[in-house]
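Engineer: need coordinates for the following:
(2 chains)
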Amino acid sequence: MNYVSVKGLSKRFKDHLVLDQIDFEIPRGAVVGLIGPNGAGKTTTLKALLGLTGHEGAIDVLGFSPRSERHKMMQHLGFISDVGVLPRWMKVSEVLDFTAGVHLNFDRAKAETILSTTQIRSNATVKALSKGMVTQLHLALVLAMNAKLLILDEPTLGLDIVYRSEFYQRILDDFLREDQSLLISTHQVEEIEHLLTHLLFIDRGKICLNASMDDVFERFLAVDVAKEQIDAAIKLEPISEQPGLGGTVMIFDGGFKRPLLEAIGPVRAVRVAELFVAMVKRD
Amino acid sequence: MGELNGVKIMVLTRTLRYLLYRELWEHPLIWKIPVGLGLINVLLCMASIVLGLNYLGVADFNEFSLKVEGGELSFGEAESAEAFFKFFLFGFFLIGQLVTLSYVLSALYREREDRSILFWKSLPVSDLMVVFSKAVIGLLVIPIIFWLGSAATALLVTGVIWIGLSIGTPFEFSLSLFYLVGIKSLISWLGMLLGQLIWGGPFFLWILLVSSTARSAPFLWAFGIPGLGYLIELTMFDGTPFFGWLWARATPLPFASGEWAPVSSGPALEPIGLLTSIFVAAVLFIAAVFARRHFRDI
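Structural biologist: Numbers count the residues shown, from 1 in each chain, chains lettered A, B, ... in the order given. Coordinates of the predicted model:
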């Protein structure tokens, strides 16, 4: 069962084609990383999924059309953009009151329990909170919505490492269940790599990789190649060569090459960041 | 089925209630201005009473004397009471209209310009409900809050004057008669507010539509388009059938009807005018909802 189904999604800003015939799906229970360089079309894709921008093509999110049924869809969907989108004039208590007033699935007690583990006071205004606290507050709200699908767009941008680590730990502890899916767009790939079940690479408005992590690990291999083996490795057509400690890290597309690669150097699972650089450079 | 509709209505009512709270939290001037005006009036009145009594030399409340040449002063007459209450009703009403204008002009424009629009749009609230809540605040809540402000101020000021005169002068006026006439004026003013809602509705909803669509300078669009349209109508037609009609509705009803008194009939409630107003207001409202949903990608 797919929570999200996108077919032929295109978006044009005047003469500039930002998204070009994108297709992808997000299955129930999946954690999908939407990875791409700046200007690749990640945020536009997320906005299209949220019904915040017009587009061509068909989008189905949780059985709803985002553009015409956004308010119904949002009953089951949580969204956190980069830090600072909570209204600065609001008090924390008002944010909770309002969300509880308009969101049928919002569990206020759960939000308050999460907030009790932070230093956020209910009578503080959002503008008085630090960036990290605003993100904690927004995360507490979203986790208490018991959403089926959570969409995160650079949620930890500008936060220090402690807040970033706590953020993802909280998602692991309080969100991810079998029937909940997560779509996350970030540049800090290393921090979410262990969470992901699927990868979506986007570059210049096109999807350049759409695969499950199992398929990725089966298909792509990283080899730490010593200097004397470089010529032999190049004959096996790596998709990327990246300088590494004491040699070169080469990425190969094709799990069938494993026996040949093992003769060249230690073969290991490819890291998402390495693969991303390889795919984007190759395109 | 009936139960389902009941639940739906309950949910919509609750959503609307919290949307109205949101507006009042975000725009506290909506209630702070009438409260402030009321306090200033009461304080000025108290100061006037004390200064006046001092001037009369009776601040010590012992020796009182006041001579009136040419007759007696009389207080407590119905006309005085009505004029007194109308003063506050008109004053607060006009300031309330300016607050409404400023509110509807910025309501959807500022919301869209702020990054928090991503938060508001991430909640399960329809564009229809959001625009409706803003229209309700502008067209209904603000006039009612200012009406309540004028009522409280008029009643308090009357009480202060009554206390001052009772303590410091031999004049008497019937507080109960004053209040009776005053309260009657206050209630009949509600009829005028209803008339103003229908009369001014199309104009304020036009402003709300501009607020929902303008990329910049909503004030210029809100007044520039009807202004230009009016000039074009004047040049090309005999009369000004549409923009002239809209401009007329920018004038508050008591001025438009030519009656400096609470009116509950006249141009606003004349059948064809009433239906036309409601129809145009409905079209502008639907356009504002459509614009919030589809115009200006976020």
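Engineer: can we go C-alpha only for contacts and neighbour counts from here?
Structural biologist: Will do.
Engineer: quick one: low-confidence parts of chain A?
Structural biologist: Within chain A, the stretches with pLDDT under 70 are A:83, A:281-283.
Engineer: how about the residues of it near chain B?
Structural biologist: Applying Cα under 8 Å from any Cα of the partner chain, we find that chain A lies next to chain B at A:47, A:50, A:52-54, A:70-75, A:78-79, A:81, A:84-87, A:89-90, A:98-99, A:101-103.
Engineer: recalculate using a threshold of 6 Å.
Structural biologist: Within chain A, the residues that sit near chain B (Cα under 6 Å from any Cα of the partner chain) are A:52-53, A:71, A:74-75, A:85-87, A:98, A:101-102.
Engineer: in CSV: these, plus neighbour count and distance to B:Asp238.
Structural biologist: Conversion of the residues of chain A next to chain B to CSV gives the following (neighbours: other Cα atoms under 10 Å in any protein chain shown; distance: Cα to Cα, whole Å):
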residue, neighbour count, distance to B:Asp238
A:Leu52, 23, 45
A:Thr53, 20, 44
A:His71, 21, 47
A:Met74, 27, 52
A:Gln75, 21, 54
A:Val85, 19, 52
A:Leu86, 23, 53
A:Pro87, 20, 50
A:Phe98, 18, 52
A:Gly101, 17, 53
A:Val102, 22, 51
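Engineer: just the residues you listed: which are in strands?
Structural biologist: Within the residues of chain A next to chain B, no residue falls in strands by DSSP state E.
Engineer: and the residue of the stretch 151-298 of chain B nearest chain A?
Structural biologist: Across the stretch 151-298 of chain B, the shortest distance to chain A (Cα to the nearest Cα) belongs to B:Asp297, at 5.0 Å.
Engineer: that residue: how many residues sit nearby?
Structural biologist: B:Asp297 has 13 neighbouring residues, counting by other Cα atoms under 10 Å in any protein chain shown.
Engineer: just A:Asn105 next, same as before
Structural biologist: Around A:Asn105 there are 14 other residues, counting by other Cα under 10 Å.
Engineer: how about the one 4 residues further on?
Structural biologist: Here the neighbour count serves as a burial measure; for A:Ala109 (other Cα under 10 Å) it reads 10.
Engineer: ok, which pair from the residues of chain A next to chain B is furthest apart?
Structural biologist: Spanning the widest gap among the residues of chain A next to chain B are A:Thr53 and A:Gly101, at 26.3 Å by Cα to Cα.
Engineer: which element is the residue of the stretch 151-298 of chain B closest to chain A on?
Structural biologist: Under DSSP states H and E, no helix or strand contains B:Asp297.
Engineer: local confidence estimate at it?
Structural biologist: On pLDDT, B:Asp297 comes in at 72.
Engineer: just want the phi and psi numbers for it.
Structural biologist: phi -50, psi 140 (degrees, to the nearest 10).
Engineer: and A:Val6, by the same measure?
Structural biologist: Torsion angles, degrees, to the nearest 10, at A:Val6: phi -120, psi 130.
Engineer: ok, what's across the strand from it?
Structural biologist: Per DSSP bridges, the residues bridged to A:Val6 are A:Phe24, A:Ile59.
Engineer: what sits against it?
Structural biologist: A:23-24, A:58-59 (Cα atoms under 6 Å, 6 or more residues apart in numbering or on different chains).
Engineer: can you give me the helices for chain A?
Structural biologist: A:42-49, A:70-73, A:92-102, A:108-116, A:131-143, A:161-174, A:189-192, A:213-219, A:230-234, A:258-262, A:272-282 (DSSP state H).
Engineer: so who does A:Lys211 touch?
Structural biologist: Careful, residue A:211 is Ala and not Lys. Listed by Cα under 6 Å, 6+ apart, the contact set of A:Ala211 reads A:198-199.
Engineer: again, 7 Å this time
Structural biologist: Shown in contact with A:Ala211 (Cα atoms under 7 Å, 6 or more residues apart in numbering or on different chains): A:198-200.
Engineer: and for A:Glu241?
Structural biologist: Taking Cα under 7 Å, 6+ apart, we find A:Glu241 in contact with A:248-251.
Engineer: go again using 8 Å as the cut-off
Structural biologist: With contacts defined as Cα atoms under 8 Å, 6 or more residues apart in numbering or on different chains, the neighbours of A:Glu241 are A:248-251, A:278.
Engineer: quick check: bridge partners of it?
Structural biologist: Counting by DSSP bridges, A:Glu241 is bridged to A:Met250.
Engineer: how close does it get to A:Thr248?
Structural biologist: Taking Cα to Cα, to the nearest Å as the measure, A:Glu241 falls 6 Å from A:Thr248.
Engineer: same question, A:Leu275
Structural biologist: 14 Å.
Engineer: give me the more crowded residue out of the two.
Structural biologist: A:Leu275 (23 against 18).
Engineer: do you know the pLDDT at the most centrally placed residue in chain B?
Structural biologist: For chain B, the residue nearest the mean C-alpha position is B:Pro143 (2.6 Å; Cα atoms, centre = their mean). Looking at B:Pro143, its pLDDT stands at 96.
Engineer: what strand or helix carries it?
Structural biologist: Using DSSP H and E, B:Pro143 sits in helix B:142-168.
Engineer: buried sites along that helix?
Structural biologist: Of the residues in helix B:142-168, B:142-162, B:164-165, B:168 count as buried by neighbour count, 16 or more other Cα atoms under 10 Å in any protein chain shown.
Engineer: give me the residue from the stretch 101-250 of chain A nearest chain B.
Structural biologist: Closest to chain B within the stretch 101-250 of chain A is A:Val102: 4.9 Å, counting by Cα to the nearest Cα.
Engineer: against B:Arg14, how distant is that residue?
Structural biologist: For A:Val102, the distance to B:Arg14 equals 7 Å [Cα to Cα].
Engineer: ok, now B:Pro218?
Structural biologist: The value you get for B:Pro218 to B:Arg14, if Cα to Cα is used, is 31 Å.
Engineer: cool, and A:Ser5?
Structural biologist: 33 Å.
Engineer: of those two, who's got more company?
Structural biologist: More neighbours surround A:Ser5 than the other of A:Ser5 and B:Arg14, with 17 against 14 (other Cα under 10 Å).
Engineer: for the more buried one, what are its contacts?
Structural biologist: A:23-26, A:59-61.
Engineer: from one end of stretch A:199-213 to the other, what's the distance?
Structural biologist: One end of stretch A:199-213 sits 7 Å from the other (Cα to Cα).
Engineer: whoops, I mixed them up, stretch A:46-62
Structural biologist: Stretch A:46-62 has an end-to-end distance of 14 Å (Cα to Cα).
Engineer: what's around B:Arg292, how many residues?
Structural biologist: B:Arg292: 22 neighbours (other Cα under 10 Å).
Engineer: nearest residue to it in space, please, no chain neighbours.
Structural biologist: B:Ser212 (5.7 Å; Cα to Cα, 6 or more residues apart in numbering or on different chains).
Engineer: what about A:Asp231, how many neighbours?
Structural biologist: Neighbour count for A:Asp231, taken as other Cα under 10 Å: 11.
Engineer: any idea how far it is from A:Val225?
Structural biologist: 10 Å.
Engineer: cool, B:Thr240 as well?
Structural biologist: 83 Å.
Engineer: and these two? which has more neighbours close in?
Structural biologist: Neighbour totals were compared for B:Thr240 and A:Val225, and A:Val225 leads with 26 against 18 (other Cα under 10 Å).
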